[in-house]
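Visitor: dropping a prediction and its sequence here:
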Amino acid sequence: MSARHTGIGMTSQRTRLRMVERLREAGIQDEQVLAAMAEIPRHIFVDEALAHRAYEDIALPIGFGQTISTPLVVARMLELVRGARSLGKVLEIGTGCGYQAAVLSRLAREVYSVERISPLLMKARVRLRELRIANVRLKHADGHFGLKEFAPFDAIVMAAAASHVPDALLEQLAEGGRLIMPLGTREQYLTLVEHTDQEFSYKTLEEVRFVPLLPGAQK
Ligand code: SAH
C-alpha cells in the first residue's frame, strides 16, 4: 500500500465509520451499500489538499469543472438502484474520479463505467488499480449511447443530469432492471426508472444538483 493509503491510516477508517453512521441516521438502510462505503477509502479519490474533507457530507471538486457527489447522494442512488437485489452487470455513466464505481464494485459482479473526459478516466484507472479492484471496466465514450456490447444491465446509474433518459439506456436496461438519474436541467429530481413487463415506470424523488450530461467524448 502506498503512503497515501496508510498516511491517515486508522484515522480515516474511524472517520469513514462515522460517515457511515451519519448515512444510517440520514435514512440509508441497505447494509450492503453501507458496508461498501465503510470499506472504500473516499479520500484517495480526491486531491490530497482536500483529502481531510473527504468524509464530510459535501460535494468536492475533482478537476475539469466536475464534482464528486456527496456521500449521502451516492448512498441514496445506490440503495435505490440496487433495490435489495444482487446485481450482475451494472453500467455507470460519468466515472468522474471513480469513487462511485469503486463502491459499485462491491455491489455487482461486473461494473462498466463510461466517462467523456479522458484525463479523469486515466486518474480513475490508477486509483482502482491501487485498490486492486478488478471487476470494473472503464471506457472513454459518450454515455448517451450506453455500452451496447455489454448490455443488458441489471442497473444503470447516471451521475450527470439530463432533460430526458437517453433512449439507448432504456434499450440496454434488462427486464427487471432499474435506472437512477438526476432528471431535469434547471431543477433536477432524482428519478428511478424500472423496467417491468416490457414497460418503464418512473418515480420522481428528491431534488438534487448534478453537473450536466454533455454530448461527445472529449480528447
Ligand atoms: N460518479 C462520479 C461523479 C462524477 S460527476 C464520481 O464518483 O466521481 C459526473 C461525470 O459525468 C463527470 O466526470 C462528467 O465528465 C461525466 N459526463 C458528463 N457527460 C457525460 C457523457 N455524455 N458521457 C460520459 N460521461 C459524461
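Guide: Nice, I can see it.
Visitor: now whichever helix in the chain runs longest: average pLDDT?
Guide: Longest helix in the chain, counting residues (DSSP state H): helix 9-25. In this model, helix 9-25 has an average pLDDT of 89.
Visitor: which residues touch the nearest residue to Lys139 once chain neighbours are set aside?
Guide: Spatial nearest neighbour of Lys139, chain neighbours left out: Val114 (5.0 Å); criterion: CB to CB, 6 or more residues apart in numbering. The C-beta positions use only the backbone N, C-alpha and C, and glycine is treated the same way. Neighbouring residues of Val114 by CB atoms under 8 Å, 6 or more residues apart in numbering: 91-95, 138-143, 146-147.
Visitor: grab the nearest non-local neighbour of the most centrally placed residue in the chain.
Guide: Centroid-nearest residue in the chain, with CA atoms, centre = their mean: Gln100, separated by 3.3 Å. Leaving aside its chain neighbours, Gln100 sits nearest to Val74 (5.4 Å; criterion: CB to CB, 6+ apart).
Visitor: what about the one you found, how many residues nearby?
Guide: 24 (other CB atoms under 10 Å).
Visitor: start at 47 instead
Guide: New numbering, starting at 47: the last item is Val120.
Visitor: quick one: it is in a helix?
Guide: Yes - assessed with DSSP: H, G, I helix; E, B strand; the rest coil, Val120 lies in a helix.
Visitor: thought Met83 was touching it, still the case?
Guide: Yes - look at Val120 against Met83 with CB atoms under 8 Å: they come within range, at 7.4 Å.
Visitor: anything in contact with each of those two?
Guide: Val149.
Visitor: distance check, Gly262 against the ligand.
Guide: 7 Å (CB to the nearest ligand atom, to the nearest Å).
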